[in-house]
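*Asks:* sequence-free structure coming up:
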């Protein structure tokens, strides 16, 4: 069933997931929007202000040559008008149309911002394609290129695009004034653009001496103060809103309301960082890319606080420290984290070329700010962002103060609060097991129906892969597939998902999982590591799964059982990574792939009680796909076993790595 995110039924389902306080807050927002239509707030006139949140002397000189080379290469591509957003190549970026979607050819309508139906692709186009360039993170890349080269061409292009955007997107008009996360990230970009252009003679005229810039900066902050994400929507969006508001109130503290905005944003940031993060350090949305986004936003906010001399609660740095340690713990041997939950390629601060490894960069920044632990994986390569942030952030307390903070003495493998367990074996065998909550808050917006799924890699190569996300709006059949139970390495009953979807970012019934066994003690000694969990998404039946990884034999064994309930139809899916080729004969598949020029292989013995078929690149309905990033998909092999269960026997799968 296709569920629209603008239909009356959707609004009723969405309302049912809100509490009284959220309903009241949203009612107040509606009244304020109506009032602003006829009487929008006026920005105060300010003059004589100066930007003082500059980088310390010598910071730019500390950027490694390789990182500079990648940055300048990307900046030159942007200067030629070329850019790629979510898999769509654009050649109009020398003079962009800020409301045009090149994917559908549509242009977002003009008018009062809160009248723009931005969720309706037929009316607006692909909203992500329209919003992404206006986060102005490609402009932070150009500004960084100016900072490291002194070439004024980059600065002049930045100035031309900002003036164009400010003229074309007057306050409260058009699609770029509809979503708080967009305003928050855009403010953070503007702060860094001004900082990176500081040596350019035209920087002050572009920002603090420019009435249009001052009006835009004020209205962005006034909007964020008026319309924070609330209640069931208080996920990564509210962190981005608070971080952007705080950064601007620190670096652009030029307005009468700046002290209040700064204090309110800091309180919100501290509260929401804690609310969005498990005690173990993993993000509560259980969507790894949002872990990265929130960590980047938090680090950027702390950098602004330290640059401005604003005291930050110790809990803020502690959450970011735990997030960094958790990231170091879960990555595989190639520094790739899990591909869990939604992913839309969102970044907090971009000053690097696209070939820079995001996760290595975050760990490098974590090392510079918090100091790496002995068990952290080694990070190679250089980036631009780390020396810039490290120059602003006050180093984390060492000595007696640091000893009061408990950090893991060895690499964690089981995160009980998040229900994530990572099993490791020889040769870079890495297996993520999911036995955690369905998602975060009452709507679990970025969750997938993936309870008890596994994700297996060998030396960083996806063998049993999480297929990813691909899209959010406009393509409901693809959104449904990539979130579905069948779209993950787990068991489906009676053709239904474990959790019930009420819309593209709404779950009305959520499966409850619990981990039964998480024994990773044998990993260091070359023994066997074990995990078991169950979920109740198919009541009255319970799906239980056991996983064992034996280091000596390099075998991963998965046993699925269904307890209770009537005889039910079963589909068990295993999604292979795009680099893996499969030859399926009966219930055995031979898997082959290449890594660094070497041929690798594995055998997959599948449950004989099921009838197995291979699927690749099917579209009606979708099956056999892998999305490496938002807006991109490619065919990949999916093995599906179909049959029935009456609860009297289990289904055993054995993945045996060769060599």
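*Replies:* Here it is on my side, so go on. Computed from a prediction, not measured in an experiment: that's the story for all the values here.
*Asks:* So residue 200 versus residue 125, what's the distance?
*Replies:* 34 Å (C-beta to C-beta, to the nearest Å). Just so you know, the C-beta spots here come from the backbone N, C-alpha and C atoms, and that holds for glycine as well.
*Asks:* Looking at these two, which is more packed in?
*Replies:* residue 125 (24 against 20; other C-beta atoms under 10 Å).
*Asks:* Which single helix of this protein contains the most residues?
*Replies:* helix 288-308 (DSSP state H).
*Asks:* Centre of the chain to whichever helix or strand comes after that one, how far?
*Replies:* Next along the chain after helix 288-308, taking DSSP states H and E as the criterion, comes helix 314-330. With C-alpha atoms, centre = their mean, to the nearest Å as the basis, helix 314-330 stands 16 Å off its chain's centre.
*Asks:* How much space separates residue 655 from residue 554?
*Replies:* For residue 655, the distance to residue 554 - C-beta to C-beta - is 9 Å.
*Asks:* Looking at these two, which one has more neighbours?
*Replies:* Taking other C-beta under 10 Å, residue 655 and residue 554 do not tie; residue 655 has more neighbours (25 against 18).
*Asks:* For the more buried one, I want the exact helix or strand it lies within.
*Replies:* Residue-wise, residue 655 maps onto strand 651-657 under DSSP H and E.
*Asks:* So for that strand, mean pLDDT?
*Replies:* For strand 651-657, mean pLDDT is 98.
*Asks:* Off-centre distance for that strand?
*Replies:* Relative to its chain's centre, strand 651-657 lies at 31 Å (C-alpha atoms, centre = their mean).
*Asks:* Run me through the strand neighbours of that strand, direction for each.
*Replies:* With DSSP bridges as the test, strand 651-657 is paired with strand 555-563 (antiparallel), strand 598-605 (antiparallel).
*Asks:* buried ones in it?
*Replies:* 651-657 (16 or more other C-beta atoms under 10 Å).
*Asks:* And for stretch 33-43?
*Replies:* Using 16+ other C-beta under 10 Å as the test for burial, stretch 33-43 gives 33, 36, 43.
*Asks:* between these, which is nearest residue 584?
*Replies:* When the buried residues of stretch 33-43 are compared for distance to residue 584 (C-beta to C-beta), residue 33 wins out at 55.8 Å.
*Asks:* From what I see, the closest one and residue 172 are in contact.
*Replies:* No: between residue 33 and residue 172 there is no contact under C-beta atoms under 8 Å: 9.2 Å.
*Asks:* May I have the phi/psi pair for residue 107?
*Replies:* Dihedral pair for residue 107: phi -130, psi 130, per degrees, to the nearest 10.
*Asks:* Can you name the residues bridging to it?
*Replies:* Taking DSSP bridges as the rule, residue 107 bridges to residue 100.
*Asks:* hmm, back to that, what lies in contact with the strand holding residue 655?
*Replies:* With contacts defined as C-beta atoms under 8 Å, 6 or more residues apart in numbering, strand 651-657 is touched by 427, 429, 456, 458, 463-464, 491, 553-561, 570, 572, 574, 601-607, 609-610, 641, 645.
*Asks:* again, 6 Å this time
*Replies:* Outside strand 651-657, the residues that touch it by C-beta atoms under 6 Å, 6 or more residues apart in numbering are 554-560, 602-607.
*Asks:* ok, now stretch 126-135?
*Replies:* Contacts of stretch 126-135 (C-beta under 6 Å, 6+ apart): 85, 96, 98, 101, 103-104, 108, 118, 175-176, 182, 185-186, 473-474.
*Asks:* Most neighbours among those residues, which one?
*Replies:* In terms of neighbours by other C-beta under 10 Å, the contacts of stretch 126-135 top out with residue 185 at 28 neighbours.
*Asks:* where does the stretch 551-659 of the chain dip in pLDDT?
*Replies:* Along the stretch 551-659 of the chain, the model assigns pLDDT under 70 to no residue.
*Asks:* Can you show me the strands along it?
*Replies:* 555-563, 568-575, 581-585, 588-595, 598-605, 611-616, 618-619, 622-623, 625-626, 634-635, 637-645, 651-657 (DSSP state E, counting those that start in this stretch).
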